[in-house]
Each structure stands twice: as C-alpha cells, then as structure tokens.
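J.: okay, sequence plus prediction incoming.
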Amino acid sequence: MRIKSTTSFDKAYRKMVRRFPWLQHKIDQAIILLEQDINATALQTHKLTGKLFGLFACSCGYDCRIIFAIETEETTKETFIVLIDLGTHDEVY
C-alpha cells in the first residue's frame, strides 16, 4: 500500500522531531514498515474505538503513536494508508 500524509500529520511530525530528535529514525522506520506490512508485529497495529472509531494506530517507539486511516480511491480502486496524526499516547488519544 502507498502512504499519503495529511498536513496535520506533517506538522505533528516536525513538532515531534524538534522535541525528540532521536525519535526521527524510529518514526521513519515505522512508516516504511507500515507501507511494507501493516500488520507487522513491531508496529502493534490496532483499531481504535470511541471518538477515533474507524481509525488505526501503530507504535513507533515507547510512547509514540501514529494514527492513520485506510482509504480506497474510488476511480482506481487503489488502497492508501493516510497518516493523520503523530504524538505521545496522551496527545493522540
């Protein structure tokens, strides 16, 4: 699956990397792994409930989460992973 990111994800990414520069490599690796295998054990991918129902989350470090959706383009039927948010557990949930 291909990856797309939203402007809110891009902003959260820049903010997270400024605050925790050592996390950049882990975040980048998690995105690559997400593109290769969404259900990789290392990602701990899971469905969300409550106000984030219909979205998914994966881990990219001890207290770092990526929130994403899986969407299918109607015309081409291609499936995308849309990166929505990034932050600590408390920030994104």
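T.: That came in fine, so what should we check first?

J.: so where do the strands sit in this protein?
T.: 2-5, 46-47, 56-59, 65-72, 79-87 (DSSP state E).

J.: now those strands in CSV, with mean pLDDT?
T.: Shown next, in CSV, are these (pLDDT from 0 to 100):
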stretch, mean pLDDT
strand 2-5, 96
strand 46-47, 96
strand 56-59, 97
strand 65-72, 97
strand 79-87, 96
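
J.: any chance of JSON lines for these, columns distance to K26 and mean neighbour count?
T.: For the C-beta atoms, the positions are set from N, CA and C on the backbone; glycine is no exception. Shown next, in JSON lines, are these (distance: least, CB to CB, whole Å; neighbours: other CB atoms under 10 Å):
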{"stretch": "strand 2-5", "distance to K26": "16", "mean neighbour count": "13"}
{"stretch": "strand 46-47", "distance to K26": "18", "mean neighbour count": "10"}
{"stretch": "strand 56-59", "distance to K26": "9", "mean neighbour count": "20"}
{"stretch": "strand 65-72", "distance to K26": "11", "mean neighbour count": "19"}
{"stretch": "strand 79-87", "distance to K26": "11", "mean neighbour count": "19"}
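
J.: wait, which of the ones you listed is closest to V17?
T.: The closest of the strands of the chain to V17 is strand 79-87. By CB to CB, the value is 9.5 Å.

J.: ok, the closest one: who's next to it in the sheet?
T.: strand 2-5 (parallel), strand 65-72 (antiparallel) (DSSP bridges).

J.: tell me which of these lies nearest to L23.
T.: Of the strands paired with strand 79-87, nearest to L23 by CB to CB is strand 65-72, at 11.4 Å.

J.: tell me what the most centrally placed residue in the chain is bridged to.
T.: Centroid-nearest residue in the chain: I66, 3.1 Å away (criterion: CA atoms, centre = their mean). Beta-bridge partners for I66, by DSSP bridges, are C58, L86.

J.: that one contacts L55, correct?
T.: No: I66 lies out of contact with L55 (CB atoms under 8 Å); the separation is 10.4 Å.

J.: who are the neighbours in contact with the closest residue to I84 other than its chain neighbours?
T.: What sits nearest to I84 in space, not counting adjacent residues and going by CB to CB, 6 or more residues apart in numbering, is I67, at 4.7 Å. Counting by CB atoms under 8 Å, 6 or more residues apart in numbering, I67 touches L48, L52, L55, F56, A57, L83, I84, D85, L86, V92.
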